[in-house]
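**Student:** Structure, please.
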Amino acid sequence: MDADAIVIGAGLAGLVAAGELADAGRRVIIVDQEGEQNLGGQAFWSLGGLFLVDSPEQRRLRIRDSRDLAWQDWLGTAGFDRDEDHWPLRWAEAYVDFAAGEKRAWLRAMGHRIFPVVGWAERGGYGAIGHGNSVPRFHLTWGTGPGVVAPFAHRVREHEAGGRITLRFRHKVSQLTMTNGAVDGIHGQILKPDTGARGKSSNRDVIGDFALRAPVVVVASGGIGGNHALVRKNWPTRLGTAPQTMVCGVPAHVDGSMMAITEATGAQLINPDRMWHYVEGLQNWDPIWPSHGIRILPGPSSLWLDADGKRLPVPLFPGYDTLGTLAHLAQTGAWYSWFVLTQSVIRKEFALSGSEQNPDITGKNWRMVLGRVFNKSAPGPVEAFKKHGADFVVADTLETLVAGMNRVAGNDRIRLDALRAEIEARDREIANPYTKDTQVAGIHNARRYIGDRLARTAKPHRFLDPAHGPLIAVRLNILTRKTLGGFVTDLHGRMLRADGTPLPGLYGAGEITGFGGGGMHGYRSLEGTFLGGCLFSGRTAGRAAAAALS
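**Tutor:** Predicted coordinates for the structure are as follows:
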């Protein structure tokens, strides 16, 4: 044997699993098809949001949360309804217990820190037992994605220096080897070194072959979001035909290549049609990877319209129900949609997902953070998109705005008279602190929470008031991101066969397992649960594998 364990994938889940194995004294080899510059994988590019329950940050903001409320929200969001949801359901409950229990203290002991204002993502807007977070739970990492990766990368590097972990980059796995029904190693190709920047597409030039053996193999290779052909193949029939055009929220190496390789061992793959794609995607004017898209993290005030300029139905407001909006757009026949807003709204409410789009929080710069609250313009990256982005229209009059929207879309679907009537009707509702407009009521509700009032929700105002201009329209694209289904794992991280028995020697962690069990999110996410799912499943698999080796 070349090691006690092999971990496939140097992303967050792989780093966590490898660290746990090495902490237990096991010798580990980590292989990854990308170069050393991509250590940490997708997590590096993330905003660093983590789902926590009843945290000190929540309590300081007078948010009353509990494990029972979080579990109620999770069940209402996941919508588990399949026979194969046995393990996903068990993983979901274990994860909520983790988020309400030791998760924060475990991270904090490694140096992880949290931004003090808790965000309110996926607000739902349905009944109490329906989809959505009843309270703010999105805990932003101080340092964004790199701040999440750093403690685990540091631990792996320490073990590397101590001889317990070996990192082998540019090693692409093509086969999991088996002996007497047990997985005991990997075969693959060594790729030519590539010094391109993190996230850039790398070469696939083969310069050699490799084979490694170990009694434990942990697959932590991620999802399929960078492979649009595979996304379309698995596109859920309940959403009709997949969009012809999508922007990509992850680098090209997130290609799902390990899915078929792992399935060939007999491991059971379930729920491939469950996926998490955003509806607020922008074409990146300064792309890093092919079709690079960035998601708007919107506050609640923008007017959301379909391709014909019709307002989306209740409760499909910004930040309320991502997949509900995706399903609605599928019925309209056009996959793009529009935000219409003002400079006052974009200044206060627009944030962009991604570590590189938030230099203040990524760089831990409090002066820049305070600028979000007090500056008259939006954060620098947002203003750059407003100026350079192909999806943005900025105008001083509604007539000019509509002309620009139709120019960007390449059609005449937006009618000036209809849009004017919609905006004027909304503006009349702003005159009072109470309203029949559910979205306006939601804005007032948001501003009751001090975190939203200070930093995420603009003061209600009339959109046609020139004092709050200019007017802004943003075309929104479908943005691929996460795989919610995956390989079935038990609560020890062991991959299971179709008959429910563990496949000896094979463990899974992260997105390839649906973040645990084959899809612990069910159909939808409460947000902040993808990084957390990698942490929890990686920790579980690493600890269980280490124990099994003893």
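**Student:** Strands of the stretch 301-450 of the chain, residue ranges please.
**Tutor:** Across the stretch 301-450 of the chain, reading from the start of the chain, the strands by DSSP state E, counting those that start in this stretch fall at 303-305, 337-342, 351-352, 392-395.
**Student:** Which stretch among these approaches residue 364 most closely?
**Tutor:** Between residue 364 and those, the shortest gap by Cβ to Cβ is with strand 351-352, which sits at 16.6 Å. Heads up, the C-betas are built off the backbone N, CA and C, glycines and all.
**Student:** Other residues contacting the closest one?
**Tutor:** Strand 351-352 is contacted from outside by 282, 294, 295, 296, 297, 357, 358, 379, 381, 382, 385, 456, using Cβ atoms under 8 Å, 6 or more residues apart in numbering.
**Student:** Please, which helix or strand holds the second one?
**Tutor:** This means residue 294. Following DSSP states H and E, one finds residue 294 within strand 293-297.
**Student:** and stretch 177-197, which residues are buried?
**Tutor:** By neighbour count on 16 or more other Cβ atoms under 10 Å, the buried set for stretch 177-197 is 177, 178, 183, 184, 185, 186, 188, 189, 190, 191, 194.
**Student:** top strand in this structure by residue count?
**Tutor:** Longest strand of the chain, by residue count under DSSP state E: strand 471-483.
**Student:** from the middle of its chain, how far away would the following helix or strand past that one be?
**Tutor:** Proceeding C-terminally, strand 471-483 gives way to strand 486-487 as the next helix or strand, assigned by DSSP H and E. Relative to the mean C-alpha coordinate of its chain, strand 486-487 is positioned 17 Å out (Cα atoms, centre = their mean, to the nearest Å).
**Student:** Kindly calculate the angle that the longest strand of the chain makes with strand 293-297.
**Tutor:** Per axes from the mean of the first three to the mean of the last three Cα atoms, to 10 degrees, the angle that strand 471-483 makes with strand 293-297 is 110 degrees.
**Student:** which secondary element of this protein has the worst mean pLDDT?
**Tutor:** helix 366-374 (a mean of 88; mean pLDDT, DSSP states H and E).
**Student:** just how off-centre is it within its chain?
**Tutor:** Helix 366-374 has its average C-alpha position 25 Å from the chain's average C-alpha position, going by Cα atoms, centre = their mean.
**Student:** Return the list of helices and strands in contact with it.
**Tutor:** Contact here means 3 or more Cβ pairs under 8 Å, 6 or more residues apart in numbering; DSSP states H and E; on that basis helix 366-374 packs against helix 359-362, helix 450-455.
**Student:** what's around the nearest residue to residue 513 once chain neighbours are set aside, how many residues?
**Tutor:** Once its chain neighbours are removed from consideration, residue 513 has its nearest residue in residue 486; the separation is 4.4 Å (Cβ to Cβ, 6 or more residues apart in numbering). Counted with other Cβ atoms under 10 Å, residues neighbouring residue 486 total 33.
**Student:** on that earlier part again, comparing the strands of the stretch 301-450 of the chain, which gets the lowest mean pLDDT score?
**Tutor:** Taking the mean pLDDT of each of the strands of the stretch 301-450 of the chain, the lowest value is held by strand 351-352, a mean of 95.
**Student:** hmm, back to that, include neighbour count when you put the contacts of strand 351-352 into JSON lines, please.
**Tutor:** As requested, the contacts of strand 351-352 are arranged in JSON lines below (neighbours: other Cβ atoms under 10 Å):
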{"residue": "282", "neighbour count": "23"}
{"residue": "294", "neighbour count": "25"}
{"residue": "295", "neighbour count": "24"}
{"residue": "296", "neighbour count": "26"}
{"residue": "297", "neighbour count": "24"}
{"residue": "357", "neighbour count": "23"}
{"residue": "358", "neighbour count": "24"}
{"residue": "379", "neighbour count": "21"}
{"residue": "381", "neighbour count": "19"}
{"residue": "382", "neighbour count": "21"}
{"residue": "385", "neighbour count": "25"}
{"residue": "456", "neighbour count": "25"}
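**Student:** can you put the residues you listed in TSV and add pLDDT?
**Tutor:** Rendered in TSV, the data for the contacts of strand 351-352 read as follows (pLDDT from 0 to 100):
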residue	pLDDT
282	98
294	97
295	97
296	97
297	95
357	96
358	96
379	92
381	96
382	96
385	97
456	93
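**Student:** In CSV: those residues, plus distance to residue 70.
**Tutor:** As requested, the contacts of strand 351-352 are exported to CSV (distance: Cβ to Cβ, whole Å):
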residue, distance to residue 70
282, 31
294, 29
295, 24
296, 26
297, 21
357, 28
358, 26
379, 30
381, 32
382, 31
385, 34
456, 21
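**Student:** Of those residues, just say which sits nearest to residue 412.
**Tutor:** Residue 412 has its nearest neighbour among these in residue 282, at 23.0 Å by Cβ to Cβ.
**Student:** Which strand or helix spans that closest one?
**Tutor:** strand 275-283.
**Student:** nearest residue to residue 444 other than its sequence neighbours?
**Tutor:** Nearest non-adjacent residue to residue 444, counting by Cβ to Cβ, 6+ apart: residue 433, 6.4 Å away.
**Student:** I figured the one you found hits residue 445, correct?
**Tutor:** No. Using Cβ atoms under 8 Å, residue 433 and residue 445 do not qualify as a contacting pair, with a distance of 11.4 Å.
**Student:** what about those two, which has more around it?
**Tutor:** For residue 433 against residue 445, the residue with the higher neighbour count under other Cβ under 10 Å is residue 445, and the figures read 13 against 9.
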